[in-house]
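Colleague: pasting the sequence and the predicted coordinates here, then a few questions.
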Amino acid sequence: MTIQMIFKIAAVGILVSVLNQVLKHSGREDQAYLTSLAGLILVLFWIIPYVAELFETIQELFGL
């Protein structure tokens, strides 16, 4: 995992948290929830290849 990926994840986290607070204070809790969900899904799609690579490395390490 590169440092750029960590910065991208942090940027999405900050952006989602700011949007979430703004939407909650304006009375749009449902859109705040959907924004949080969209941010989570986006980050999960970025992380999935790294998790798959981790599992492959563990399989090779233990010879499974």
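Modeller: Done, it's in.
Colleague: dihedrals phi and psi, residue 28?
Modeller: Taking degrees, to the nearest 10, you get phi -110, psi 70 for the backbone angles of residue 28.
Colleague: what strand or helix carries the residue nearest in space to the middle of the chain?
Modeller: Here the mean C-alpha position of the chain is nearest to the C-alpha of residue 43 (C-alpha atoms, centre = their mean), at a distance of 2.4 Å. Residue 43 is part of helix 29-62, with elements assigned from DSSP states H and E.
Colleague: buried sites along that helix?
Modeller: By neighbour count on 16 or more other C-beta atoms under 10 Å, the buried set for helix 29-62 is 32, 35, 39, 43. C-beta: built from backbone N, CA, C; applies to glycine.
Colleague: does the first one touch residue 17 like I think?
Modeller: Yep, that's residue 32 we're talking about. No: proximity of residue 32 to residue 17 does not meet the contact threshold set by C-beta atoms under 8 Å, at 10.2 Å.
Colleague: coming back round to it: residue contacts, the residue nearest to the centre of the chain?
Modeller: For residue 43, the contact set (C-beta atoms under 8 Å, 6 or more residues apart in numbering) comprises 9, 12, 13.
Colleague: how about a markdown table for the buried residues of helix 29-62, with distance to residue 61 added?
Modeller: Below are these laid out as a markdown table (distance: C-beta to C-beta, whole Å):
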| residue | distance to residue 61 |
| --- | --- |
| 32 | 42 |
| 35 | 39 |
| 39 | 33 |
| 43 | 27 |
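Colleague: so which of those residues comes closest to residue 60?
Modeller: Distance to residue 60, by C-beta to C-beta, is smallest for residue 43 among the buried residues of helix 29-62, at 26.5 Å.
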